[in-house]
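what follows is a predicted structure for the sequence shown.
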Amino acid sequence: MGASRSVIVVLVSRLVAPLIQIFAFYVIFHGHYSPGGGFQGGALLAASILLLRLTCGREESQKNFRSDLGLMLGPLGAMTFLVVGLIMISGGSFLDYQHTPLLRLEPAQMRSFAILIVEVAIGLAVMATLISIFDNLSAPSRKEDSS
Amino acid sequence: MDSIHAHYPYWVVLTLLVIGLWGMLLKGNLMKKVVGMTIFQSAIILFFILSAYKVGGTVPIYDEALGVGDPSLYINPLPHTLMLTAIVVGVAIVGEALALLIVIYRTYGTLEEPVLVERMK
Amino acid sequence: MRVFTYLVVASFVALLVYASLGLPGRGEVDAPLHREESIAGTPVAATFYTRKAFSDAATPNFVTVILADYRGFDTLGETLVVLTAGIACLLILGRTP
């Protein structure tokens, strides 16, 4: 996957990628008040890194997101979701958000807080998986020597 | 005429369904079949979201001027939630299909279906 | 063989046009999808969620509350599906992680 030969394309994509990431964080954190949430923000984050992979080449954009980080962050996001659900067993049932152990607020506020944590975890998992699918599909294949 | 005005959104979805089905059945290249599958899936998602609309309803976000006493002022939020899941699963399926196509090309050297069936014998 | 496929597509189109004339028009408020009480007298799921979402979770967006609170178990399973697809992509192509 070589870099693009036009200076304008490389420069503009390096300028625009952080703006896409800011917009993606806006979409994730405003999932409470406007359409958005975890899945949409995760896809936008993945899109910003894929733009850099397509225009700046595979080796240059390893500095932005290393290829072997993808399959480490994905299960981390899913495990955060599971751990948040399992913590709630201490007061009530699994995934019942009003029994968060350390906070002492009204049940509605505790549910709002736990929904935010879950959305961030989902966004992380979706981003890592989409980038790792792209990296596996486009990596140069090595010739296995059968000796 | 009134029946056509009430039913034409379903016929738009039907057009997309036919385009997707045409691509899946009648094109020889395997890549075109995958694209047809994607179009078919987009048409199904569009159908669910189209049918969740109510005349006179607004976005399913709580509005203090409207309140929640009368649920017929908000459109139905349940199909939107289910289609979020469907879209993400669709992306994962397309990734899988492309990985399988890469392995088929590596093994047999072609992606055209008649040539592929010949080489598999 | 191709004539048979054309016939299948044509009959699919005819069947769906006939079925779509029996559907309620788009956006009619008295369609069975949008009713407020089921036959047994209990509130339908969509009505229950729109009535209780803001007071249960202090969040204006009903879709996020349904996705992460009322139906959170489905969202957990769906995250695992996405992860499985990513891992399967790695294994099909024969790379080591």
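Done, it's in. Residues are numbered from 1 along each chain as shown, chains lettered A, B, ... in the order given.

C-alpha only now, for contacts and for neighbours.
Fine.

pretty sure residue A:121 is in contact with residue A:80, am I right?
Yes. Under the criterion of C-alpha atoms under 8 Å, residue A:121 makes contact with residue A:80 at 6.3 Å.

these two: who's more crowded?
Using other C-alpha atoms under 10 Å in any protein chain shown as the criterion, residue A:121 and residue A:80 rank with residue A:121 on top: 26 against 17.

next, the contact list for that one, please.
Contact analysis of residue A:121 by C-alpha atoms under 8 Å, 6 or more residues apart in numbering or on different chains lists A:38, A:77-78, A:80-81.

with residue A:28 as the reference, measure out to it.
Going from residue A:121 to residue A:28 by C-alpha to C-alpha, to the nearest Å gives 10 Å.

give the residues shared as contacts by the two.
With contacts taken as C-alpha under 8 Å, 6+ apart, residue A:121 and residue A:28 have residue A:38 as neighbours in common.

residue 65: neighbour count?
Using chain A here. 16.

let me rephrase: I mean chain B.
Neighbours of residue B:65 (other C-alpha under 10 Å): 6.

in stretch B:103-117, what's buried?
B:110-111, B:116 (16 or more other C-alpha atoms under 10 Å in any protein chain shown).

is that stretch anywhere near chain A?
No. Stretch B:103-117 lies apart from chain A when judged by C-alpha under 8 Å from any C-alpha of the partner chain; the minimum separation is 10.2 Å.

any idea how far apart the tips of that stretch sit?
Start-to-end span of stretch B:103-117 (C-alpha to C-alpha) is 16 Å.

again, but for stretch A:93-111
14 Å.

before we move on, the earlier item: now, which of the buried residues of stretch B:103-117 sits nearest chain A?
Closest to chain A out of those is residue B:111 (16.5 Å), distances taken as C-alpha to the nearest C-alpha.

thought the closest one was touching residue B:29?
Yes. Between residue B:111 and residue B:29 a contact is recorded at 5.9 Å, counting by C-alpha under 8 Å.

can you tell me how far the residue in chain C that chain A sits nearest to is from residue A:106?
Closest contact between chain C and chain A, by C-alpha to the nearest C-alpha, is at residue C:57 (4.4 Å). Distance of residue C:57 to residue A:106, computed by C-alpha to C-alpha: 10 Å.

same thing with residue A:21?
For residue A:21 relative to residue A:106 (C-alpha to C-alpha), the value is 33 Å.

neighbour count winner among those two?
When neighbours are counted by other C-alpha under 10 Å, residue A:21 and residue A:106 differ, and residue A:21 comes out ahead with 19 against 11.
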